[in-house]
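# missing the sequence, but the structure's below:
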């Protein structure tokens, strides 16, 4: 039976202006010419590790079962921060040890539970020099360390060859609203999307039967199922396509209309 | 003989900031891992169905004969608007029933002729739940309904399995200048391109031997064959690479220089 | 043995707003459906031939050995400027004859040495009409001439069939700092990247043991190995991932902070 090359999905803050994504693709194509390479996005806010992790987490339900994810938002590149490969199920996640790869881990580990649950992913440090580019730059490990590792994994390399166990990876807490006073949930804005919709860290499944959302001095108490249900130019809440509470304006740009910014705190109150 | 997987071309208003395109690619890659996936563009002006249709129409002459086109500009997502697959020649077009797929139809149908001409495309409604994702969100049918349909078509699924006949699809009129007074053609600006050139709905083939164009209060009466023929910084008309009349400024940005905006009316007068 | 299809890498100033890249991909996919198509970048500053050449040059070390590069920054499209294919080693470069393909040539040729060194690339003019699209537009040779040529090369066409020898291609001088007074190097800013870092034409290998850089009225005399070594919000110099001297602000946007623009002269002085 023919060996199947794994597909590789890229998630970075590299943007499109430069040749950074192109060079990553070139390195992969040199090592794994048969691998399909797909962009999840390269427009993570520069250096925003938490936003990158959220974009990765919400994409996990649709990624192929055998995907290799190459994720790079890496303000600590060139320092002592480790490079990791995480083996979770039949998928691999390659990237810096700064929390970006948190979605590969179960919530119980991300909440600081010291004992990993059964089936928790294995984590190795990317040390094996034969699976790096011959010269490793100080500022572009995406090209020189992570891309070659992802390409070799796509080719079927046993991940154990990439390095030793890496205990204690940096993990972000789960994306989840935090209960406050009775009838309150606290969260923040994690992502402003292309249409200007502002997505919160609060999951729709956490919500009270009736509620109002407060953010940036605005109170939003209209809730709809989909955009066309909302009057034009009125702010409203909806559950986004990944099940997170979000703020939008039908056919408008909520973030600029309401002055919403990534990181703004969000309060949900039962009514 | 080996079965050939069809290539899939994506055209959306999803932009690059988010994981929307990436999630569509992930869904396709899970179902049709051998399918080549190409981006036509994801920068259709948000919600601009007519611009999306124009970008699709002008790309038809170069698309592979066996292409699957997945087109999503979908302000009515989550409402009763239908999802369609259009079978035209050996190509398939998948997307919302809002006019975006009009270029798959002959002009006579788009002009409102009730009887479809011989060879007109077949249109089915995307109803078959086994070719959707198990959970269909209210706001992202591109991922949950259209991408799986396109992927199965790429794999060779007989399109008849996707759903029943869909009579009366929404169709936009052909992109064409409209005659006004004698010696006049009316149109509008359908697209502002990356260089700031403004493309009209008037076809170069419709033009008078000698003419002037009026838009946004400007009269442009210089016509050139290609950019280098024009003096720098002077507005001029030319036939764009798809045969539509367009306004440019050599090495300048016509739209911002002249204050041109998508939708602005355009008048061409014989001289 | 199965014939290997060459991968194609695209480098243009086409941007993402339009269907230009999509149409190039469609043409290639029609002729060479098995070819992997990768974007190096499409965000070269419009018409900036030298920036495109620099982005290409710095990508050469990572491109697959058998790559076909399709490069289009083409302000002279539709004029008498030639279209070229350059055969260098086992790679091919396809694009306009305006200097953009200079990185395919050795420095000695780019410095104006009339006799090509041994192993210099062969250069042909793209004349063969059977390897163009049937109708060639005046403004989009990327789609109508260059893309078909690249696709046929990816399929294994002998490049000699594409046209006759093209003597005297336009070549840019090497990207290199120019010595001035003793202890001085002159260069300019060739690229502002996604993070706002400004890259110079001066190679780190040319630098004095101790130096200060002057650009746009600022003197920068902090040098670091990688970003995390720098204090926040202080401008510094570093060697970028391709070995060129660059100016950055850790977690900031150097170009807007310091008012740096592409083309600004740069002076490096020994200290």
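That came through fine. It should be emphasised that the depicted structure is a prediction, and the values quoted were computed from it without experimental measurement. Numbering: from 1, shown residues only, chains lettered A, B, ... in the order given.

# For the rest of this, base every contact and every neighbour count on C-alpha atoms.
Will do.

# Next up, the contacts around the residue nearest to residue A:6 when sequence neighbours are not counted.
By the measure of C-alpha to C-alpha, 6 or more residues apart in numbering or on different chains, the closest residue to residue A:6 outside its immediate chain neighbours is residue A:154, 4.4 Å from it. The contact partners of residue A:154, taken as C-alpha atoms under 8 Å, 6 or more residues apart in numbering or on different chains, are A:5, A:6, A:7, A:8, A:32, A:35, A:68.

# correct me, but the last one touches residue A:6?
Yep, that's residue A:68 we're talking about. Yes: contact status for residue A:68 versus residue A:6: in contact at 6.6 Å, counting by C-alpha atoms under 8 Å.

# If you tally nearby residues, what's the number for the spatially closest residue to residue A:221 that is not a sequence neighbour?
Leaving aside its sequence neighbours, residue A:221 sits nearest to residue A:212 (C-alpha to C-alpha, 6+ apart; 4.4 Å). Counted with other C-alpha atoms under 10 Å in any protein chain shown, the burial measure for residue A:212 works out to 19 neighbours.

# next one: residue A:86
Look at residue A:86: counted by other C-alpha under 10 Å, it has 24 neighbours.

# go on, residue A:34?
The burial count assigned to residue A:34 is 17, neighbours taken as other C-alpha under 10 Å.

# I'd guessed it sits against residue A:3; true?
No: with contact taken as C-alpha under 8 Å, residue A:34 and residue A:3 are classed as non-touching, separated by 10.7 Å.

# on that earlier part again, how near is the residue nearest to residue A:6 to residue A:125?
Plainly put, residue A:154 is 18 Å away from residue A:125 if you go by C-alpha to C-alpha, to the nearest Å.

# again, but for residue A:231
If you measure residue A:231 against residue A:125 using C-alpha to C-alpha, the figure is 52 Å.

# neighbour count winner among the two?
Using other C-alpha under 10 Å as the criterion, residue A:231 and residue A:125 rank with residue A:125 on top: 22 against 14.

# Tell me if I'm right that that one and residue A:82 touch.
Yes: with contacts counted by C-alpha under 8 Å, residue A:125 reaches residue A:82, the gap being 6.5 Å.

# thinking again about what came up before, so the residue nearest to residue A:221, which state does it fall into?
strand (DSSP: H, G, I helix; E, B strand; the rest coil).

# and it, what are its bridge partners?
Note on residue A:212: beta-bridge partners by DSSP bridges are residue A:269.

# Show the contacting residues for it.
Under the criterion of C-alpha under 8 Å, 6+ apart, the neighbours of residue A:212 are A:219, A:220, A:221, A:222, A:268, A:269, A:270, A:271.

# Tell me the pLDDT of it.
The predicted local confidence for residue A:212 comes out at a pLDDT of 95.

# residues from chain A in reach of chain C?
Within chain A, the residues that sit near chain C (C-alpha under 8 Å from any C-alpha of the partner chain) are A:14-23, A:25-27, A:29-30, A:46-47, A:75-79, A:137-140.

# among the residues you listed, which ones are buried?
In the residues of chain A next to chain C, burial by neighbour count holds for A:14-23, A:25-27, A:29-30, A:46-47, A:75-78, A:137-140, counting by 16 or more other C-alpha atoms under 10 Å in any protein chain shown.
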